[in-house]
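*Asks:* Mind looking at a prediction? Sequence and model below.
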Amino acid sequence: WYYGIKAYMYSFPLMMMDLTMETGTAAPTAGQYLAPVNQLAVMTEYPDASYRAVPRTGLDTLFANAWVDLDKEPLVLSVPDTNGRYYVISLFDLWTNVFASIGSRTTGTGTGNFLIAGPNWQGTVPADIKQTYRSPTRLMLVNEQMQADGPKDYDVVNALQKQYKLTPLSAWGEPYTPPAEVPVTSKADTRTPPLEQIRNMDAGTYFGRFARLLKDNPPLPGDGPMIETLKKLGINPGNDFDIATADPVSARALQRAMSTIAILEKGSKIMPTKDGWAVMPPDIGDYGTDYLNRAGIALVGLGASQPIDVSYPVAFNDADDEPFDGASRYVLHIEKEQIPPTKVSWSVSMYDPDGYYVPNAINRYNLAAWMPLKYSADGSLDMYIQAESPGPDKESNWLPAPANGTFNLVTRIFWPEQSVLNNTWQMPGVKVMK
């Protein structure tokens, strides 16, 4: 069973990425949330509480995502001059590692063309390419976020997003338009969130799919000991796996390992905390062999960028380390010197236990620095987290909570200051109002 749990932890991020890719590309044309492989799905406005494709998505930026297959050739990603507007493009391999970051912090806000190649590509880089990146896996994700301070910014950001381009290397230097319509051959379940699909899988389906994925997205350097563990279970990278023909002991271990999802879900809520805020692992986006944290982040926030680009303090509990309860009223008091230190912006978002927005009467799912928040005379800020309005004079600082049941909070700090990264700054605890 122990080996089975290790195999599940190791495989979970790859499975989540693959299922999310499958559902995210099951469309003949590019839209806000779905697009064919190697095309950009461009979000033109914030999603609402009905959005279920990815848990714990944010509302500070407008996204443009592309699920990429680098089997045949590299792609060139072209970015516009954003005139100083903050953006970050995280390039993820299919194991959820960020292998490159493009944008304000790293490459600036001017125009640029970037070549993204697969692990086995051999060829000549065109002269007008600013930088070349090589994905460790054939399949990968381009995740672009551009600062959008509310609906008033939509027009400006949308105009910039339209200038993003993905061009096959073979078409570079020539006029190129992506296919207007691509046949959808996948039988993807676009109605069931990927996490729920995994919960519904049996061991044969789960590990059979994992084995197939390993063919095109092989283990990474440093995974040698894990490969030996997989082999003990009859899973050999590069070969198909059929649990029906596996050794009975291994088959039972893998079947029992399917309960690991419950362990992950429980573990995500009992991470080490300070004032109720989880102490997030510093290796987010660059996990190496830290398979437990990699699986945990894939569960609570698939596609999390590196902390140096976006930091994500998470709270499942209040300052007294009690789980948040919709029946209670809370206040998050932030002294002036505790305001999240950032070069860009910050926010606090509300989610249900599965990581989706909580529907509410005013359709407000986060409080952000760009909003007309009311600060006290001393520069401090009080956020009211509760189901009912705190009153007209406080409603600008109200983050609606569910009327009952648990919830959780995520703070997002874009391009954080060093004090966030070295943990000398700490988010204050959320307190129950008496």
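*Replies:* Perfect, I can see it now. Numbers count the residues shown, from 1 in each chain.
*Asks:* contacts, neighbours, all on C-alpha from now
*Replies:* Fine.
*Asks:* Which residue ranges of the stretch 101-250 of the chain form strands?
*Replies:* Counting by DSSP state E, counting those that start in this stretch, the stretch 101-250 of the chain has these strands, from start to end: 112-117, 131-134, 139-147, 165-168.
*Asks:* For the spatially most central residue of the chain, give its distance to A295.
*Replies:* Centroid-nearest residue in the chain, with CA atoms, centre = their mean: G303, separated by 2.5 Å. Using CA to CA, to the nearest Å, G303 is found at 11 Å from A295.
*Asks:* got any ranges where the stretch 251-400 of the chain has weak pLDDT?
*Replies:* Counting by pLDDT under 70, the stretch 251-400 of the chain contains low-confidence residues at 267-272.
*Asks:* hey, where'd the helices end up in it?
*Replies:* 260-267, 291-301 (DSSP state H, counting those that start in this stretch).
*Asks:* Do I have it right that L230 meets Y8?
*Replies:* No. Contact between L230 and Y8 fails when scored by CA atoms under 8 Å: they sit 9.9 Å apart.
*Asks:* if you count what's nearby, which of these two comes out ahead?
*Replies:* Using other CA atoms under 10 Å as the criterion, L230 and Y8 rank with Y8 on top: 26 against 20.
*Asks:* which residues are contacting stretch 105-122?
*Replies:* 70-71, 73-88, 103, 125, 128-138, 309, 415 (CA atoms under 8 Å, 6 or more residues apart in numbering).
*Asks:* Out of these, which end up buried?
*Replies:* Among the contacts of stretch 105-122, those buried by neighbour count (16 or more other CA atoms under 10 Å) are 70, 73-80, 82, 85-88, 103, 133-138, 309, 415.
*Asks:* Export the helices of the stretch 251-400 of the chain as CSV, with columns for distance to G379 and mean neighbour count.
*Replies:* Formatted as CSV, those follow (distance: least, CA to CA, whole Å; neighbours: other CA atoms under 10 Å):
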stretch, distance to G379, mean neighbour count
helix 260-267, 37, 15
helix 291-301, 32, 21
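*Asks:* out of these, which comes closest to M201?
*Replies:* M201 sits nearest to helix 260-267 of all the helices of the stretch 251-400 of the chain, at 11.0 Å, using CA to CA.
*Asks:* For the closest one, which helices and strands make contact with it?
*Replies:* If contacts are counted by 3 or more CA pairs under 8 Å, 6 or more residues apart in numbering; DSSP states H and E, helix 260-267 sits against helix 2-24, helix 291-301.
*Asks:* T61: which of those is closest?
*Replies:* Closest approach to T61 among the helices and strands packed on helix 260-267 (CA to CA): helix 291-301, 15.7 Å.
*Asks:* Report the distance from the closest one to the chain centre.
*Replies:* Between the centre of helix 291-301 and the centre of its chain there are 10 Å (CA atoms, centre = their mean, to the nearest Å).
*Asks:* Which elements pack onto that helix?
*Replies:* Contacts defined by 3+ CA pairs under 8 Å, 6+ apart place helix 291-301 against helix 2-24, helix 260-267.
*Asks:* Not counting its own residues, what contacts it?
*Replies:* Taking CA under 8 Å, 6+ apart as the rule, helix 291-301 contacts 9-10, 12-13, 16, 54-57, 96, 195, 264-265, 267-268, 281, 284, 287, 304, 354-355.
*Asks:* Narrow these to just the buried residues.
*Replies:* 9-10, 12-13, 16, 54-57, 96, 195, 264, 268, 284, 287, 304, 354-355.
*Asks:* which one of the helices and strands packed on helix 291-301 lies closest to V37?
*Replies:* Between V37 and the helices and strands packed on helix 291-301, the shortest separation by CA to CA is 8.6 Å, and it involves helix 2-24.
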